[in-house]
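Asks: based on what follows, work out the 3D shape:
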Amino acid sequence: MVRRLAWLLVGVLCGGTATSQAKLEQTLWGSHGVTVIELPLTAELRLLRTTTTLQPLASLAGGIPIAINGGFFNRITQRPLGALRWQGAWWSSPILGRGVFAWNAQGERRITRLRWLGQVTTPNALPVPVVTLNSGYVVPGVAAYTHHWGSRYTTQSDDEWVVLINANRVAAIYPTLRAGSASFALTPQQWLLTARTPLGWHLVQDLQVGSPVTWTEQMDPPDLQEFPHILGAGPVLVAAGQVVVDPEGEGFQPAFARQRAARSALCLGDQLRLVTVGASQASVGESVGVTLQELATLLQQRGCREALNLDGGSSSALIWQGKVLRSGSLIHNGLAYGGVGVAKPRTVLLLSSQCRDTDTPTWCMIGVVAQNGFCRNLVQLRGRTFRVCSWRVLA
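Replies: Numbering: from 1, shown residues only. From the prediction side, this is the model:
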């Protein structure tokens with residue numbers, strides 16, 4: 001059966017010969033296979049996102065030769081659970097103080113834990129704290145959604161209050177909406193707040209239609225505000241050369257720390273390293289591999305000054321020079337190096353109007369539905385609804 005996957009790719013570009021600067025190493029650590037790809041720290045990074053079916057990973061984004069999976073996501077809604085930031089805009093805000101990988105165009109890279117809080121202020125009401133922005137992590141309180149979430153927001157839980165904001169003024173307030181009962185357009189000028197549970201309702205009850213709105217946000221550590229690009233996962237494994245694994249401190253369940261699984265990780269030392277450890281290709285998805293503590297120890301031994309765990313288990317995936325070394329079955333985002341498809345800011349999507357349980361779906365071009373590498377599982381075009389089967393990058 002064809003599985004539908006959403007990929008978020010971070011492309012590392014150094015011109016047409018980018019991959020000549022990368023190195024591959026495959027070794028054993030005890031009984032576990034270790035694959036390490038070393039990339040230059042100074043390489044340019046790029047963040048993309050799109051939706052596709054499971055197919056050879058090297059075909060993504062027009063032939064990315066090197067890629068690794070990234071952070072966590074809701075496997076039902078395929079929405080991100082963690083930080084995704086590009087050019088200063090949050091595609092998804094950080095959650096639970098989890099670990100992130102941050103970078104900028106000056107070649108600075110950081111791995112650290114990050115906490116985030118937004119705030120809306122109006123002249124006639126108390127400030128409204130915002131716990132998440134464009135996030136699939138649904139919790140009590142107030143969340144915000146902008147056009148970086150998608151073209152529309154549909155209520156996700158029962159009894160949501162929606163505060164529609166247009167041109168930085170409160171345009172309308174819709175109380176007690178049920179899950180899936182209402183949908184609102186999101187544009188660069190129009191965004192919204194959604195209040196969940198009595199905690200959230202109380203925070204927005206004094207907002208008034210017509211009031212001007214001011215948005216601010218805070219980050220801890222505050223210097224990460226200067227990094228325009230951030231990818232979240234977690235937990236942090238190594239900091240200042242020391243093992244610092246604390247899954248429960250980053251909001252993970254205790255069992256997550258104890259379980260053995262195939263693992264993916266990022267390591268910062270004298271190079272940026274993409275690392276996978278654990279089950280063989282034939283066993284991906286099985287409970288075979290290493291614990292987080294063992295992974296952190298391995299990375300420390302390999303000279304990592306900072307290291308971050310990525311989504312693992314069945315999501316652990318890796319490509320080297322177009323060859324799939326590890327094929328993840330459920331993936332939402334990842335890190336990629338090189339490839340013509342990520343070298344251009346424009347991405348035209350080619351969709352199939354039929355999704356079949358076969359490896360060879362029938363293709364037809366139904367039109368350009370998005371640019372910059374973004375589309376959704378369901379797309380409305382010419383008055384009809386299509387399910388995205390896959391995509392190809394055109395010149």
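
Asks: residue 143 touches residue 129, doesn't it?
Replies: No: in this structure, residue 143 is not within contact of residue 129 by C-beta atoms under 8 Å, at 10.7 Å. C-betas here are computed from N, CA, C, even on glycine.

Asks: more crowded one of the two?
Replies: Set residue 143 next to residue 129 and count neighbours by other C-beta atoms under 10 Å: residue 143 wins out with 25 against 14.

Asks: who's in contact with stretch 117-137?
Replies: Stretch 117-137 has contacts (C-beta atoms under 8 Å, 6 or more residues apart in numbering) with 73-74, 77, 79-81, 90-93, 95-96, 116, 139, 141-146, 148-149, 170, 193, 203-204, 206-208, 211-218.

Asks: does residue 33 touch residue 262 like I think?
Replies: No: contact criterion C-beta under 8 Å: residue 33 and residue 262 do not qualify, at 9.4 Å.

Asks: among these two, which residue is more densely surrounded?
Replies: Legend: neighbour count by other C-beta under 10 Å for residue 33 and residue 262, higher for residue 262 (27 against 19).

Asks: and that one, how far from residue 188?
Replies: 40 Å (C-beta to C-beta, to the nearest Å).

Asks: so where's this structure shaky on pLDDT?
Replies: For the chain, the stretches with pLDDT under 70 are 1-20, 43-65, 279-287, 322, 328-395.

Asks: tell me the domain ranges of it?
Replies: Here the domain parsing of the chain from automatic domain parsing is 4-114+223-342, 117-218.

Asks: winner for burial among those?
Replies: Most buried of the domains of the chain, by mean neighbour count (mean count of other C-beta atoms under 10 Å): domain 4-114+223-342, with a mean of 20.

Asks: check which element follows the longest helix belonging to the chain along the chain.
Replies: If you go by DSSP state H, the chain has its longest helix at helix 292-301. Counting by DSSP states H and E, the next helix or strand C-terminal to helix 292-301 is strand 306-309.

Asks: for this structure, what spans make up the helices?
Replies: Under the criterion DSSP H, helices of the chain are mapped to 197-204, 254-258, 292-301.

Asks: for those helices, which one sits closest to residue 102?
Replies: Proximity to residue 102 (C-beta to C-beta) singles out helix 292-301 among these, at 18.3 Å.

Asks: CA atoms of the closest one as CSV?
Replies: Extracted in CSV, the C-alpha atoms of helix 292-301 (Å, rounded to 0.1, in the frame of the first residue of the first chain):
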residue,chain,number,x,y,z
LEU,A,292,19.0,8.0,23.7
GLN,A,293,21.7,7.7,26.3
GLU,A,294,23.7,5.3,24.2
LEU,A,295,23.3,7.5,21.2
ALA,A,296,24.6,10.5,23.2
THR,A,297,27.6,8.6,24.4
LEU,A,298,28.4,7.5,20.8
LEU,A,299,28.2,11.1,19.5
GLN,A,300,30.3,12.4,22.4
GLN,A,301,33.0,9.8,21.6
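
Asks: counting contacts, what elements does that helix pack onto?
Replies: Applying 3 or more C-beta pairs under 8 Å, 6 or more residues apart in numbering; DSSP states H and E, one finds that helix 292-301 contacts strand 236-239, strand 242-243, helix 254-258, strand 263-268, strand 272-278, strand 306-309.

Asks: which residues touch the shortest one?
Replies: Outside strand 242-243, the residues within contact range by C-beta under 8 Å, 6+ apart are 237, 293, 296-297, 300.

Asks: and the two most separated of those?
Replies: Greatest spatial distance among the contacts of strand 242-243 (C-beta to C-beta): 293 and 300, at 10.6 Å.

Asks: what's the nearest residue to residue 247 if we skip its chain neighbours?
Replies: residue 257 (4.1 Å; C-beta to C-beta, 6 or more residues apart in numbering).

Asks: so how far is residue 235 from the one you found?
Replies: For residue 257, the distance to residue 235 - C-beta to C-beta - is 8 Å.

Asks: and for these two, which residues touch both?
Replies: Common neighbours of residue 257 and residue 235, using C-beta under 8 Å, 6+ apart, are 245, 247, 292.

Asks: need these in a markdown table with distance to residue 112, can you?
Replies: Shown next, in a markdown table, are those (distance: C-beta to C-beta, whole Å):
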| residue | distance to residue 112 |
| --- | --- |
| 245 | 14 |
| 247 | 16 |
| 292 | 17 |
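
Asks: the strands in the stretch 51-200 of the chain, which residues?
Replies: Counting by DSSP state E, counting those that start in this stretch, the stretch 51-200 of the chain has strands at residues 66-69, 84-86, 89-92, 99-103, 109-113, 115-122, 125-130, 132-133, 141-145, 152-154, 160-166, 169-177, 183-185, 190-196.

Asks: now do the contacts for residue 143.
Replies: Counting by C-beta under 8 Å, 6+ apart, residue 143 touches 130-133, 135, 193-194, 196.

Asks: let's go with 6 Å and repeat that
Replies: Contacts for residue 143 (C-beta atoms under 6 Å, 6 or more residues apart in numbering) come out as 132, 194.

Asks: on that earlier part again, tell me how far the residue nearest to residue 247 lies from residue 40.
Replies: On the measure of C-beta to C-beta, residue 257 and residue 40 end up 33 Å apart.

Asks: repeat that for residue 238.
Replies: 20 Å.

Asks: of the contacts of strand 242-243, just say which sits nearest to residue 181.
Replies: Nearest member of the contacts of strand 242-243 to residue 181, counting by C-beta to C-beta, is residue 237, at 42.6 Å.
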